[in-house]
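1. when you get a sec, could you give me coordinates for this:
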Amino acid sequence: MTSEPVNRVRAAFAMVLLAMLVTGCVTNTDSRFAREADRDKAVRNYVQLATAYIGQGNLDRARNHLERALELSPDDPGALGAMGLVYQTEGEPELAERSFKDALANDADYTRGRVYYGAFLYGERRFEEARDQFLAASRDTGYGERASVFFNLGLTEERIGNLEGATTAYRRAVELSRGDARSLLALSRTLVEAGEYQAASRHYSRLTNLMQRNKNLRHSPESLYTGIRIAHHFGDRNLASSLGLQLKNNFPNSVEYQQYRVMTSNGQ
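-> This next block holds a predicted model:
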């Protein structure tokens, strides 16, 4: 008689204890995930702020935010990549490259980090290595700035003398950007270099139409000389002379004006 109530009490106590343990486990797990989520959010915020400060040239504040981010998450690729930008801007190429490599080692799919590293390599005149980084970045179809990636890829292809590869990359940049000015100009110029004047003329016309609609866009020496070469090929002397006069008046010290003078002095 007396043992049954005791057993019931013990069983009830065991159930309460089990419930407390289970509840405790769930609470601790949720708390851990909450802490991790808060940490990840804090790291993202620090990196975002730091990137903005880098854009403003305020490296001290950028470094401060990145150090906080790396304290929370030492292997965070975004923080490591942004720190590479700080080092690069400060003229510390070895530290910059180490940070970029660390970022990619921790996340091989960190496309923005590849873009950072590719730009760094381009600045170091390591064009083939830069091309490889931009080429890898271009394969990420979910990356929101693919047009810029292909534009940079085109620049590197030009630097290593691959005109066909450059034209292909610029063409893709035009498609993805729906015809931004710099991509249209680069594509027009490389098509001229390749002797594809009909296609060059078509894209150059898109560029000039864009300039007419957007008064903030102005001719550069490159755009004027490209137009001159296209006009000259099709025998449009009036257009060639008009663009040549603009080149002479606005950019008399440019390389393109010197090239134009050579062209005209040869009677071309």
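2. excluding its backbone neighbours, what's nearest the residue nearest in space to the middle of the chain?
-> Centroid check for the chain by C-alpha atoms, centre = their mean gives Val115 as the closest residue, at 4.9 Å. Nearest non-adjacent residue to Val115, counting by C-beta to C-beta, 6 or more residues apart in numbering: Ala137, 5.3 Å away. All C-beta spots, glycine's among them, are computed from the backbone N, C-alpha and C.
3. secondary structure element for that neighbour?
-> Using DSSP states H and E, Ala137 sits within helix 127-138.
4. after that helix, which helix or strand is next?
-> helix 146-159.
5. I'd like to know which elements the helix or strand just after that following helix is packed against.
-> Proceeding N to C from helix 146-159, the next assigned helix or strand is helix 163-177, under DSSP H and E. Judged by 3 or more C-beta pairs under 8 Å, 6 or more residues apart in numbering; DSSP states H and E, helix 163-177 is in contact with helix 146-159, helix 181-193.
6. pLDDT of helix 163-177, averaged?
-> Summarised as a single mean, pLDDT over helix 163-177 is 98.
7. next one: Gly84 from Gln56, what distance?
-> From Gly84 across to Gln56, the span is 18 Å (C-beta to C-beta, to the nearest Å).
8. again, but for Gly78
-> With C-beta to C-beta as the criterion, Gly78 and Gln56 are 18 Å apart.
9. show me which of these two is the more surrounded one.
-> Counted by other C-beta atoms under 10 Å, Gly78 and Gln56 do not tie: Gly78 has more neighbours, with 23 against 10.
10. the spatially closest residue to Ala136 that is not a sequence neighbour: which element?
-> Counting by C-beta to C-beta, 6+ apart, Ala136 lies nearest to Arg114, which is 5.5 Å off, once chain neighbours are set aside. Secondary structure from DSSP H and E places Arg114 in helix 111-123.
11. C-alpha coordinates for that helix, PDB please?
-> Included here for helix 111-123 are C-alpha records, laid out as PDB according to Å, rounded to 0.1, in the frame of the first residue of the first chain:
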ATOM      1  CA  THR A 111      31.900  35.300 -56.300                       C
ATOM      2  CA  ARG A 112      32.400  38.800 -55.000                       C
ATOM      3  CA  GLY A 113      35.700  37.700 -53.500                       C
ATOM      4  CA  ARG A 114      36.800  36.400 -56.900                       C
ATOM      5  CA  VAL A 115      35.900  39.800 -58.400                       C
ATOM      6  CA  TYR A 116      37.900  41.600 -55.700                       C
ATOM      7  CA  TYR A 117      40.900  39.300 -56.300                       C
ATOM      8  CA  GLY A 118      40.600  39.600 -60.100                       C
ATOM      9  CA  ALA A 119      40.700  43.400 -59.900                       C
ATOM     10  CA  PHE A 120      43.700  43.200 -57.500                       C
ATOM     11  CA  LEU A 121      45.500  40.900 -60.000                       C
ATOM     12  CA  TYR A 122      44.700  43.200 -62.900                       C
ATOM     13  CA  GLY A 123      46.100  46.100 -60.900                       C
END
